[in-house]
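Asks: Build me a model from this:
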Amino acid sequence: MTIPAEEPPVRVGDAMDTRLTWTFGDDDVLHDTGQAQPISPNVSIGDRKQYRLFFDNLNSRFSGRENLTHLALYKKMPGFIEGLDTEASLVLRIDLASLSRNSNNVNQALYDAGSFIRAFYHTDGKADGKTGLGVTLWPLDTDRFRLGYLYDISWGGTNASINQSIFPRIIGTAPGAKVQFDAERFSVFAGFKVASLTQTQQVLTPGTSEVERVSIAQTNYGFLAGGGVDLHPYVHADLGAGYFQQGRFDWPDVAGEPVYTYGASARVVAHTKGEPIPQSVDFLLYRNDPDRPQVIFKPEAYTPGKTTWAVSLEASNLYQNLKDFESAGATTRQAARAGALQAVLKSGYARASVTGIYRDLPFVLRNQPSFIPFQSIPETRGASTGDELFFALAADYYIAPARLTPGIGAGLQLPATFKTTSFDLYSAPIARTVVVREQGNLSILPYDRSAVPIFQARVSLKWDISRILSAVAWVQYVRDNNGTFMERDPSEGTFALRTFVNPDFVGGGVSAQA
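Replies: Numbering: from 1, shown residues only. Sure thing, here's the model as predicted:
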């Protein structure tokens, strides 16, 4: 069949954002396998979670060492209304590493990566203009539609597999929609997402006066709105807010009452005139458009003598309606706060960045939510929390004749903590501290010991072999004296004591990336 010239074919067969990485190394050569968590096997081939240090790729969910690709079926056509463009993209992410595990969990290997339908009406009368009103529909999932700006402290996502779903106990995915107006110097948007959550509900037994509690899948909603404006050729500002339903309480004294989160995020960016505003690639729509090719992880381009810079400051303030730990039968709104300051400089062949991040304990656990799920953090005497502070710097330099890029990065983290204090039989105080690195990653310290800062560093050397192939070698060092394990009391023989693991971790590896 001959396709008319005015109707371009669906773009199919091109694999977008494809990454293949062969990695050989060991993240921990100082500890025996099983002595420290996460478990570190001997030298092997394959990526490991421990290779990613906490200052790596702060603006992406990925480390860059994945083996994955995206199959994008994309089509764009002018509408029957003058000035209207229509487009659609079905995006399937294929995680080859998950497939190779033979775990029979297809949902971890093949899943939607932001399929969308979009219509855009040009109000400036220009076919290639950027001013107009757009409607974006996500028929499957809206994880790319979030609030916040630096990916590591964004919120409102829906990816439960990596503990980043604002909807706890979500069943399946969360489709949604967004309406956005773009002008030359500003943009505004509003949208919503829908999720099915498991929640307990009281129902009347048919034919009787008895009330029973049943678990059902009920629809919950999230609403988002915001905008951005160029205040000056060198200054840009963003503001966003959202409200998310999160099911209902199961606790008997507050059963049936709603759980919800609402809050706002704001950002100010000072940047080089004419340069784009920094944005995470995980917030972008995938397009396979031959007229506007989209390269997600394109090689870095260097221009001798050119200097660009950007400084961004952002903050988020959330409130979560939780069961009040201090009062039976009551709920309370618990605040959760985060902020980030980042400076990026690129001059000629040199790049450098400095980042500072703040997160209080409720924000670290915002998707759980809270330390005890769905309950406020205790404020009774003897209970206290510590906020997370994080500082990092990184720099590299591209040696053009040799196509080598040596780099160095280092970071210091003061982890979030939850601490309780009680008294023994002799009225002596006993303190217990829990270090909270992230949701589900906790370390319980020995009695009367406090958390200490975590230091991480890496030196690396990258060699660009061709336009599609590069090799990287690195050595990394971590000092974390917050890791513990259980051992028997050597003097008594039956009691188990919590003991610190050797705090020094040294690792390294080589990888080939295409």
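
Asks: Pairing partners for the strand or helix carrying Arg118, with directions?
Replies: In this assignment (DSSP states H and E), Arg118 forms part of strand 116-122. Strand 116-122 sits in its sheet next to strand 84-95 (antiparallel), strand 132-138 (antiparallel), going by DSSP bridges.

Asks: Of all those strands, which one is nearest Asp282?
Replies: strand 84-95 (11.4 Å; C-beta to C-beta). From N, CA and C alone the C-beta is placed, and that goes for glycine too.

Asks: Please work out the average pLDDT along that closest one.
Replies: Average pLDDT, strand 84-95: 93.

Asks: Give me the sheet partners of the strand or helix carrying Gln202 and which way each runs.
Replies: Assigned by DSSP H and E, Gln202 belongs to strand 186-204. Sheet partners assigned to strand 186-204 using DSSP bridges are listed as strand 170-171 (antiparallel), strand 176-182 (antiparallel), strand 211-232 (antiparallel).

Asks: how about those strands, which one is nearest Gly329?
Replies: strand 211-232 (16.7 Å).

Asks: lowest confidence element among the helices and strands of the protein?
Replies: strand 484-488 (a mean of 69; mean pLDDT, DSSP states H and E).

Asks: ok, back up a step: okay, the strands paired with strand 186-204 in TSV with distance to Gln201 next?
Replies: Output for the strands paired with strand 186-204, formatted as TSV (distance: least, C-beta to C-beta, whole Å):
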stretch	distance to Gln201
strand 170-171	15
strand 176-182	24
strand 211-232	5
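
Asks: Please identify the most buried of the ones you listed.
Replies: Comparing the strands paired with strand 186-204 by mean neighbour count (mean count of other C-beta atoms under 10 Å), strand 176-182 comes out on top with a mean of 18.

Asks: contacting residues around that strand?
Replies: Here strand 176-182 makes contact (C-beta atoms under 8 Å, 6 or more residues apart in numbering) with 130-138, 142, 145, 187-194, 222, 224.

Asks: can you map out the strands along the stretch 351-500 of the chain?
Replies: Ranges of strands within the stretch 351-500 of the chain are 383-386, 388-397, 404-414, 416-423, 429-438, 441-444, 454-464, 470-479, 484-488, 496-500, based on DSSP state E, counting those that start in this stretch.

Asks: By mean pLDDT, show me the worst of those.
Replies: Looking over the strands of the stretch 351-500 of the chain, mean pLDDT reaches its minimum on strand 484-488, with a mean of 69.

Asks: Format the strands paired with strand 186-204 as CSV; extra columns: mean pLDDT and distance to Ala255.
Replies: Formatted as CSV, the strands paired with strand 186-204 follow (pLDDT from 0 to 100; distance: least, C-beta to C-beta, whole Å):
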stretch, mean pLDDT, distance to Ala255
strand 170-171, 94, 20
strand 176-182, 97, 29
strand 211-232, 92, 7
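
Asks: And the residue of the chain positioned farthest from its centre, how far from Arg213?
Replies: No residue in the chain sits farther from the centre than Gly207, which is 49.2 Å out by C-alpha atoms, centre = their mean. Noted for Gly207: a distance of 18 Å to Arg213, by C-beta to C-beta, to the nearest Å.

Asks: ditto for Ala183
Replies: Look at Ala183 and Arg213: by C-beta to C-beta, they are 51 Å apart.

Asks: Kindly report the same for Thr198.
Replies: From Thr198 to Arg213 the distance is 13 Å (C-beta to C-beta).

Asks: next one: phi and psi at Tyr151?
Replies: Here the main-chain torsion angles of Tyr151 (degrees, to the nearest 10) amount to phi -60, psi -40.

Asks: sorry, that was for Pro252
Replies: According to degrees, to the nearest 10, Pro252 has phi -60, psi -40.

Asks: swap in the one 5 residues further on?
Replies: Main-chain torsions, Glu257, degrees, to the nearest 10: phi -80, psi 150.

Asks: Please look at it and Asp250 and confirm they touch.
Replies: No - Glu257 is beyond contact range of Asp250, at 10.4 Å (criterion: C-beta atoms under 8 Å).

Asks: Tell me which of these two has more neighbours.
Replies: Taking other C-beta atoms under 10 Å, Glu257 and Asp250 do not tie; Asp250 has more neighbours (18 against 14).

Asks: Hmm, Gln201 and that one touching each other?
Replies: No - Asp250 lies out of contact with Gln201 (C-beta under 8 Å); the separation is 10.5 Å.

Asks: Overlap of the contact sets of these two?
Replies: What both Asp250 and Gln201 touch, as defined by C-beta under 8 Å, 6+ apart, is an empty set.

Asks: returning to that earlier point: any chance of the strands paired with strand 116-122 in CSV, plus mean neighbour count and distance to Ala237?
Replies: Putting the strands paired with strand 116-122 into CSV (neighbours: other C-beta atoms under 10 Å; distance: least, C-beta to C-beta, whole Å) gives the following:
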stretch, mean neighbour count, distance to Ala237
strand 84-95, 18, 28
strand 132-138, 18, 21
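
Asks: and the residue nearest to Asp448 when sequence neighbours are not counted, what does it touch?
Replies: Nearest residue to Asp448 in three dimensions, chain neighbours excluded: Ala431, at 5.1 Å (C-beta to C-beta, 6 or more residues apart in numbering). Going by C-beta under 8 Å, 6+ apart, Ala431 touches Lys419, Thr420, Thr421, Tyr447, Asp448, Arg449, Ser450.

Asks: try 7 Å
Replies: Lys419, Thr421, Tyr447, Asp448 (C-beta atoms under 7 Å, 6 or more residues apart in numbering).

Asks: neighbour-wise, which of those leads?
Replies: If you count neighbours using other C-beta under 10 Å, the busiest of the contacts of Ala431 is Lys419, which has 17 neighbours.

Asks: my read: it touches Thr433, true?
Replies: Yes - if you go by C-beta atoms under 7 Å, Lys419 and Thr433 touch, sitting 4.7 Å apart.

Asks: Where does pLDDT dip in the stretch 251-400 of the chain?
Replies: Flagging of the stretch 251-400 of the chain using pLDDT under 70 yields the residue ranges 286-298.

Asks: before we move on, back to that, between the contacts of Ala431, which sits nearest Gln37?
Replies: For those, the nearest to Gln37 is Tyr447 (19.9 Å; C-beta to C-beta).

Asks: Quick check: buried residues in stretch 365-373?
Replies: Across stretch 365-373, burial judged by 16 or more other C-beta atoms under 10 Å covers Leu365, Arg366, Asn367, Gln368, Pro369, Ser370, Phe371.

Asks: what residues are up against the closest residue to Tyr51 other than its chain neighbours?
Replies: Excluding the flanking residues, the one nearest Tyr51 by C-beta to C-beta, 6+ apart is Asp27, at 5.7 Å. For Asp27, the contacting residues are Ser40, Arg48, Gln50, Tyr51, Gly507, by C-beta under 7 Å, 6+ apart.

Asks: mind checking how far the second one is from Leu197?
Replies: Applying C-beta to C-beta, the value for Arg48 to Leu197 is 33 Å.

Asks: Show me where the stretch 201-350 of the chain has its strands.
Replies: Along the stretch 201-350 of the chain, the stretches classed as strands by DSSP E, counting those that start in this stretch are 211-232, 235-248, 258-271, 307-323, 331-347, 350-359.

Asks: Nearest to Glu66 among these would be which one?
Replies: Of those, the one closest to Glu66 (C-beta to C-beta) turns out to be strand 350-359, at 21.9 Å.

Asks: If you count neighbours, what's buried in that closest one?
Replies: Arg351, Ser353, Thr355, Ile357, Tyr358, Arg359.

Asks: contact partners of that strand?
Replies: Defining contact as C-beta under 7 Å, 6+ apart, one finds that strand 350-359 is touched by 55, 58, 152-153, 338-345, 387-397, 416.
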